[in-house]
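this one's sequence-less:
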Ligand SMILES: CC(C)(COP(=O)(O)OP(=O)(O)OC[C@H]1O[C@@H](n2cnc3c(N)ncnc32)[C@H](O)[C@@H]1OP(=O)(O)O)[C@@H](O)C(=O)NCCC(=O)NCCS
């Protein structure tokens with residue numbers, strides 16, 4: 001039995017359906033002010049990508065958009081709304097997409113974040129991803145100078161790439 005101070009939340013993840021894309025658009029615009037994501041030297045529109053969506057107590061709380069490129073699954077966007085963060089939903093989205101990649105016999109899952117985003121760099125490594133490359137100045141070149149900085153005011157410049165190798169299961 002949970003103690004009275006513990007709250008129990010129902011977390012769930014499922015593949016996005018056509019009717020979910022308004023919610024994905026809102027999440028993309030809330031976090032990134034657009035639906036186009038630049039990573040791995042190309043631009044993806046998350047409205048044209050498959051996605052997983054996450055609910056906390058049946059409320060849309062986050063999503064993960066991905067693209068399968070040859071033997072790799074690219075995580076293009078991962079967001080959980082601030083009020084739902086740190087309850088396990090981001091980890092659940094990662095587990096689901098990793099299982100999906102394994103079911104398709106892919107070789108690896110890759111993701112990119114920005115040099116300032118220390119919580120994301122922590123989050124992915126905690127889930128088995130390894131730092132694999134830094135594309136120096138890739139974000140600065142694409143988005144232009146960063147006046148206000150990102151996490152903790154750190155200038156946003158470089159794309160930090162992480163890889164989860166999927167060995168034989
Ligand atoms: C990164 C993100 C998806 C994680 O989602 P989440 O639902 O909070 O994930 P979880 O609850 O499964 O796990 C969060 C973990 O990160 C840690 N964490 C998250 N934010 C943190 C912060 N600001 N400071 C310290 N730790 C933090 C939590 O303690 C937890 O740690 P654990 O691995 O020891 O369990 C979410 O924070 C987010 O949407 N951030 C903004 C967008 C973003 O940065 N996306 C990724 C860019 S590629």
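Okay, I see it. Computed from a predicted model, the values in this text were never measured in an experiment. Numbers count the residues shown, from 1 in each chain.

So the residue in the chain that the ligand sits nearest to: helix, strand or coil?
Nearest residue of the chain to the ligand (Cβ to the nearest ligand atom) works out as residue 90 at 2.4 Å. Heads up, the C-betas are built off the backbone N, CA and C, glycines and all. With DSSP: H, G, I helix; E, B strand; the rest coil as the basis, residue 90 sits in helix.

wait, isn't it in contact with residue 78?
Yes - assessed by Cβ atoms under 8 Å, residue 90 is found in contact with residue 78 at 6.6 Å.

between those two, what contacts are shared?
Any residue near both residue 90 and residue 78 by Cβ atoms under 8 Å, 6 or more residues apart in numbering counts here, and that gives residue 62.

Please, where are all the strands along the chain?
11-15, 36-39, 42-45, 51-56, 59-69, 72-80, 108-114, 130-135, 159-165 (DSSP state E).

okay, the angle between the fourth one and strand 59-69?
When you say that, I think you mean strand 51-56. 160 degrees (axes from the mean of the first three to the mean of the last three Cα atoms, to 10 degrees).

list the helices and strands strand 51-56 packs on?
Contacts defined by 3 or more Cβ pairs under 8 Å, 6 or more residues apart in numbering; DSSP states H and E place strand 51-56 against strand 11-15, helix 21-32, strand 59-69, helix 89-103.

Run through the bridge partners of the closest residue to the residue of the chain closest to the ligand other than its chain neighbours.
Closest residue to residue 90 in three dimensions, ignoring its sequence neighbours and counting by Cβ to Cβ, 6 or more residues apart in numbering: residue 80, at 5.0 Å. Following DSSP bridges, residue 80 is listed with bridge partners residue 62.
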